[in-house]
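**Q** Based on what follows, work out the 3D shape:
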Amino acid sequence: VKKLLEEKKYTEALEMADFLLEKDPNNADMHAWKGHVMGNLAQGSPIDMMKYGMGAVQEYERALELDPQNAGAHFGRGMGRFMTPPQFGGNLDGAIEDFEFACSKEPSPEAYYYLGEAYKKKGLSQKAKDAYQKALKLKPNYAEAAKALEGIK
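**A** Down below sits the predicted model:
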């Protein structure tokens, strides 16, 4: 599923995740991966957002029911909370909590970058700057994080 997702073969990745979850419906990691696939599918049209967005959220919630410590599910739920407008259920404070958790359990440049973005949106410039710097420490050529950091200085 991860390989298909990286190759942007979202339909095949979703089919594979469904197949694997049929065999092991209590696999928290696979629910998180299915959420990641659905989150990518939701990036298209408004119809795609409606069709796949809620499904992604449900997969992250299921993963967290099975394993409250699942960093991938926290990151995915954080993305959903961050990207969704407040009037449609977005939650900036919840996104920050999820990104902080993901960073503490499985630090990744993406988790730190989006944590920085959430802090920036909240008006916490120093915390945003620190998060971008951590993203760049993990991935020195991370252009988005470098640009965001430069925007704060």
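**Q** need the helices for this structure, in chain order.
**A** In the chain, the segments counted as helices under DSSP state H are 2-6, 10-23, 28-41, 46-66, 71-83, 92-105, 109-122, 125-138, 143-152.
**Q** and for the longest one, what are the contacting residues?
**A** With contacts defined as Cβ atoms under 8 Å, 6 or more residues apart in numbering, helix 46-66 is touched by 26-29, 31-32, 34-36, 38-39, 41-43, 70, 72-74, 76-77, 80, 84. No exception for glycine: its C-beta is placed from N, CA and C like everyone else's.
**Q** Any of the residues you listed buried? List them.
**A** Neighbour-count burial (16 or more other Cβ atoms under 10 Å) applied to these gives 27-29, 31-32, 34-36, 38-39, 41-42, 70, 72-74, 76-77, 80, 84.
**Q** tell me the pLDDT at residue 32?
**A** Listed pLDDT for residue 32 reads 96.
**Q** separation between it and residue 8?
**A** Residue 32 sits 18 Å away from residue 8, going by Cβ to Cβ, to the nearest Å.
**Q** Pull out the buried residues from stretch 2-12.
**A** Those would be 4-5, 10, for stretch 2-12 by 16+ other Cβ under 10 Å.
**Q** you'd agree residue 114 is up against residue 80?
**A** No - Residue 114 is beyond contact range of residue 80, at 11.2 Å (criterion: Cβ atoms under 8 Å).
**Q** which of the buried residues of stretch 2-12 lies closest to residue 150?
**A** Among those, residue 5 lies closest to residue 150 (Cβ to Cβ), at 29.9 Å.
**Q** Thank you, goodbye.
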